[in-house]
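Engineer: 3D, please:
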Amino acid sequence: MTRKNRHNSENLLTGWLSLGILWLMAKLNTDIPDDLRAPLLQAALVHVPFEGWGDKALALAAQDLKIDAGLADLAFPGGAGDMIDMLAQQQDQKMVDACPDEALKDLKIRQKITRLVKSRIEAEQDIREAARRAVTYLAMPGNAALGLKILYRSVDLMWKTIHDPSTDFNYYTKRMTLSGVHSSTFLYWLNDESEDFAETWAFLDRRIGNVMQFEKTKAQFKSGCKAMTDRLPDIWQNISRLRYPPNS
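Structural biologist: You can find the predicted model right below:
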């Protein structure tokens, strides 16, 4: 066999091996049933308060369910981050279920948003220590992007749940503002020991009140600026008059 033929044969073999590896990876991914993820996550929540979000909690969950540890790892290839992300999506859905259109239709925007933020936090009530551990995990520099993704998804869903029609710059400012309200209220709730979390809901009302006052002031400022510019003389018209006097 010539050197050229040998080189071509090696390239062909490498190509077939690569295809085989890709096929095997795809098969491994598709062979993991989606319904394995939810029970694993639920079982892991029992261990997270003691073990934190990580491989050990997932391994213990697999042991509880008599599932092979390798399958559990494949169900959550991203480890703790994947589990927290899935949990956040589940809690977001609980918030939406707790705030149907019928319950919101007669409320003012402030009341709608207050109810949604409260419902989102209440969704964590039964897993408060696991939620605290999730905050600690997401606060780590390497996990900050995931934390921002989860926060944005929650507040975006809040505005979409009340069918907010904003499409301009307000679309983004509303989400930024609500992100501050939701995250600060959630952190307050994690350390609230008052009865029925009364202090948390009072804190939420104050934050919403601050936002509404800011929006009112912003609207007044914009209205004032428009009125002022409407009263200003047309500078270009005045310049043209200087150049071409009316009597010329």
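
Engineer: show me where this structure has helices.
Structural biologist: Using DSSP state H, the helices of the chain run over 3-30, 37-51, 55-64, 69-75, 80-98, 101-104, 109-122, 128-138, 144-161, 169-190, 198-231, 235-243.

Engineer: where does the protein have low pLDDT?
Structural biologist: 1-33, 214-248 (pLDDT under 70).

Engineer: how does it look with 80?
Structural biologist: 1-34, 211-248 (pLDDT under 80).

Engineer: hang on, the earlier thing: output the helices of the chain as CSV; include the columns mean neighbour count.
Structural biologist: Where you see a C-beta, it was placed from the backbone N, CA and C, and this is true even at glycine. Output for the helices of the chain, formatted as CSV (neighbours: other C-beta atoms under 10 Å):
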stretch, mean neighbour count
helix 3-30, 10
helix 37-51, 18
helix 55-64, 19
helix 69-75, 17
helix 80-98, 18
helix 101-104, 11
helix 109-122, 20
helix 128-138, 18
helix 144-161, 17
helix 169-190, 16
helix 198-231, 12
helix 235-243, 9
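
Engineer: roughly how far apart are the closest residue to R37 other than its chain neighbours and T185?
Structural biologist: Spatial nearest neighbour of R37, excluding adjacent residues (C-beta to C-beta, 6 or more residues apart in numbering): A75 at 5.1 Å. As judged by C-beta to C-beta, to the nearest Å, A75 and T185 stand 32 Å apart.

Engineer: one more: R133?
Structural biologist: For R133, the distance to T185 - C-beta to C-beta - is 19 Å.

Engineer: now do A72
Structural biologist: On the measure of C-beta to C-beta, A72 and T185 end up 34 Å apart.

Engineer: what does E124 give?
Structural biologist: Taking C-beta to C-beta, one finds E124 at 12 Å from T185.

Engineer: you'd agree L41 is up against M86?
Structural biologist: Yes. With contacts counted by C-beta atoms under 8 Å, L41 reaches M86, the gap being 5.8 Å.

Engineer: ok, the closest residue to A131 other than its chain neighbours - contacts?
Structural biologist: Excluding its sequence neighbours, the residue lying closest to A131 (C-beta to C-beta, 6+ apart) is E124, at 4.3 Å. For E124, the contacting residues are 91, 131, 186, by C-beta atoms under 8 Å, 6 or more residues apart in numbering.

Engineer: same deal with Q91?
Structural biologist: 120, 123-124.

Engineer: quick one, phi/psi of the residue nearest to A131?
Structural biologist: Dihedral pair for E124: phi -90, psi 0, per degrees, to the nearest 10.

Engineer: please tell me how far it sits from R207.
Structural biologist: 18 Å.

Engineer: next one: N170
Structural biologist: Distance from N170 to R207, by C-beta to C-beta: 19 Å.

Engineer: do the same with I84
Structural biologist: For I84, the distance to R207 - C-beta to C-beta - is 25 Å.

Engineer: go on, F169?
Structural biologist: With C-beta to C-beta as the criterion, F169 and R207 are 22 Å apart.

Engineer: and P39, by the same measure?
Structural biologist: 37 Å.

Engineer: then D92?
Structural biologist: Taking C-beta to C-beta, one finds D92 at 20 Å from R207.

Engineer: same question, Q111
Structural biologist: Taking C-beta to C-beta, one finds Q111 at 14 Å from R207.

Engineer: who's in contact with stretch 173-186?
Structural biologist: With C-beta under 8 Å, 6+ apart as the criterion, stretch 173-186 contacts 113, 117, 120-121, 124, 135, 151-152, 154-156, 158-159, 164, 166, 200, 203-204, 207-208, 211, 214.

Engineer: 6 Å instead?
Structural biologist: Contact partners of stretch 173-186, identified using C-beta atoms under 6 Å, 6 or more residues apart in numbering, comprise 117, 121, 151, 155-156, 204, 207, 211.
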